[in-house]
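Q: Mind looking at a prediction? Sequence and model below.
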Amino acid sequence: MEIDVIIPLYKPGKELFTLLDKLGSQSVPVHQVILLNTEEKYFEQLIYGIRFLETYQNIKIYHVSKREFDHGGTRRMGVKKSSADVFVMMTQDAMPKDDRLIEKLVEPLQGEVAVAYARQLPREDSTPVESYTREFNYPAKSRIKSAADLDSLGIKTFFCSNVCAAYRREIYEELGGFVRHTIFNEDMIYAAKAVEAGYSVAYAADAQVVHSHNYTNGQQFHRNFDLGVSQAEHPEIFAAYPSESEGKRMVKDVTVYLRSNHMSAGLPHFYMQCACKYAGYLLGKNYRRLPKKWVLAFTSNKEYWKQNRKDV
C-alpha cells in the first residue's frame, strides 16, 4: 500500500526540515511527500544554499500564489498530484511525536472508515488553557464515529482535522473529494459527507503529533470569524448540528480545570478569550449582513474574498 503525505506551506521555517526527517524515518514508509507552497520566494529563501532535492529525494514541490490558495482547492490539487492508495494531509507546524505516526494513523482505515485523524499534543510552551483544550478535543481514547452517534455527539461526529489525517483514496474519489472553495473546515465538511454516505470517521489516539498555538485574543477573533463564515456557507451540514453547545461545554470544563488546579487567576483572561472567539464566530455566521470593509477587517484570509466572490 502506497502512502503519500501532502503538506500546504506558507513561509516555512527550519522546522520543515525536522518534519521531513521525521516523516522519512517512520515505521511504515512514506512513498512521497507533496509540498504545496504558497509564494515561491519564501520557499526559495528557506532552502537557499541547501541541496534540498538531493537530500529529500521523495519530495515534490508545487507553488501557488497567495491569491490562488484555498483551504479546499489547494488540497484537492495536492491529492491530484498523488496516486497513492492512502494520502495523509498535514500542516507544516504538526510534528510527529514518534516514528509510528503513519503506522497508527492508517491502522483504522478498514471496513467503513473513510478517514482517520491523529491526536494533537500541546507544545512545551503551551498555556494551561491551550494544553487542556488539546485534551478536551483530542483525548487519550480512540473511537470510531458514524451516523449512529449524531444524537449523542452532535457536531463532534464530524470533527476531523487536516493538521494530521489519513484518507482512503477510493472513498475520497467516490465522495467527490474536498470542497473546491472554502475559507476553513474542508476537513469537517468532507467528514460530514462521509458520515452522510454511510461511512465512518476514526479518531486514532495512538497516532500523535505535537501541535498547538498560543493565539492572542485578536487572532482568536479572526480565526473564529472564518470558522463562522465556513459554517454559514455550508448550512446543509452545520445548521442541523450547531457548535454552540460544544463551546459551552468546553467553557464549563476549562473553568472546573482551572479552579481545581488553583489557577483561578487565569479565569478572567480565559473568559475574555472566549468572548473574542464567540464574537468572531457570531459575526462570521452573519457575514452576509456586514459591510464589505468589516468582513475584510474581521477575516484572517483576505485573499479568500478576492476570488471572484459576489456576496461581499
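A: Happy to help now that I have it.

Q: what about residue 246, distance to residue 136?
A: 10 Å (C-beta to C-beta, to the nearest Å). The way it works is simple: take the backbone N, C-alpha and C, and place the C-beta from them, glycine included.

Q: overlap in contacts of the two?
A: With contacts defined as C-beta atoms under 8 Å, 6 or more residues apart in numbering, no residue is shared by residue 246 and residue 136.

Q: Would you map the helices across the stretch 51-200 of the chain?
A: According to DSSP state H, counting those that start in this stretch, the stretch 51-200 of the chain carries its helices in the segments 52-55, 73-80, 101-106, 128-137, 150-153, 169-175, 186-196.

Q: Now do the last one: everything it contacts.
A: To tie it back to what came earlier, the one meant is helix 186-196. Contacts with helix 186-196, where a contact means C-beta under 8 Å, 6+ apart, come from 71-72, 75, 89, 114-115, 117, 145-147, 150, 157-162, 165, 171-172, 175-179, 182, 200-201, 230, 234, 237.

Q: Would you mind pulling up the elements that the next helix or strand after that helix packs against?
A: Once the chain leaves helix 186-196, the next helix or strand it forms, by DSSP states H and E, is strand 200-210. In terms of contacts (3 or more C-beta pairs under 8 Å, 6 or more residues apart in numbering; DSSP states H and E), strand 200-210 is packed against strand 95-96, helix 101-106, strand 113-121, strand 143-145, helix 186-196.

Q: what angle do strand 200-210 and helix 128-137 make?
A: 150 degrees (axes from the mean of the first three to the mean of the last three C-alpha atoms, to 10 degrees).

Q: between strand 200-210 and strand 113-121, what angle do the directions make?
A: 30 degrees.

Q: hang on, isn't residue 255 packed against residue 267?
A: Yes: the criterion here is C-beta atoms under 8 Å, and residue 255 meets it with residue 267 at 6.7 Å.

Q: that older thread, a markdown table for the helices of the stretch 51-200 of the chain, including distance to residue 19, mean pLDDT and mean neighbour count?
A: Listed next are those as a markdown table, based on distance: least, C-beta to C-beta, whole Å; pLDDT from 0 to 100; neighbours: other C-beta atoms under 10 Å:
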| stretch | distance to residue 19 | mean pLDDT | mean neighbour count |
| --- | --- | --- | --- |
| helix 52-55 | 13 | 88 | 12 |
| helix 73-80 | 16 | 95 | 19 |
| helix 101-106 | 11 | 98 | 23 |
| helix 128-137 | 19 | 92 | 17 |
| helix 150-153 | 31 | 92 | 12 |
| helix 169-175 | 23 | 97 | 15 |
| helix 186-196 | 19 | 96 | 23 |
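
Q: Can you check which of those helices gets nearest to residue 251?
A: Nearest to residue 251, of all the helices of the stretch 51-200 of the chain, is helix 128-137, at 10.4 Å by C-beta to C-beta.

Q: And the contacts of that closest one?
A: By C-beta under 8 Å, 6+ apart, the list of residues contacting helix 128-137 reads 120-122, 126, 159, 212-214, 250, 253-254, 257-258, 261, 263, 266, 270, 273.

Q: ok, back up a step: okay, the helices and strands packed on strand 200-210 in JSON lines with distance to residue 63 next?
A: Below are the helices and strands packed on strand 200-210 laid out as JSON lines (distance: least, C-beta to C-beta, whole Å):
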{"stretch": "strand 95-96", "distance to residue 63": "24"}
{"stretch": "helix 101-106", "distance to residue 63": "26"}
{"stretch": "strand 113-121", "distance to residue 63": "27"}
{"stretch": "strand 143-145", "distance to residue 63": "36"}
{"stretch": "helix 186-196", "distance to residue 63": "20"}
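
Q: who wins for proximity to residue 220 among these?
A: strand 113-121 (17.1 Å).

Q: Partner strands of the closest one and their direction?
A: Using DSSP bridges, the strands paired with strand 113-121 are strand 164-168 (antiparallel), strand 200-210 (parallel).

Q: okay, the angle between that strand and helix 186-196?
A: Using the same axes, to 10 degrees: strand 113-121 against helix 186-196 is 140 degrees.

Q: Now the longest helix belonging to the chain: buried residues?
A: Ranked by residue count under DSSP state H, the longest helix found in the chain is helix 267-285. Under the neighbour-count criterion of 16 or more other C-beta atoms under 10 Å, helix 267-285 has 270, 273-274, 276-281, 283-285 buried.

Q: next one: stretch 240-253
A: 241, 243, 246.

Q: and it, average pLDDT?
A: Stretch 240-253 shows a mean pLDDT of 85.

Q: Look up the pLDDT of residue 311 for me, please.
A: Looking at residue 311, its pLDDT reads 51.
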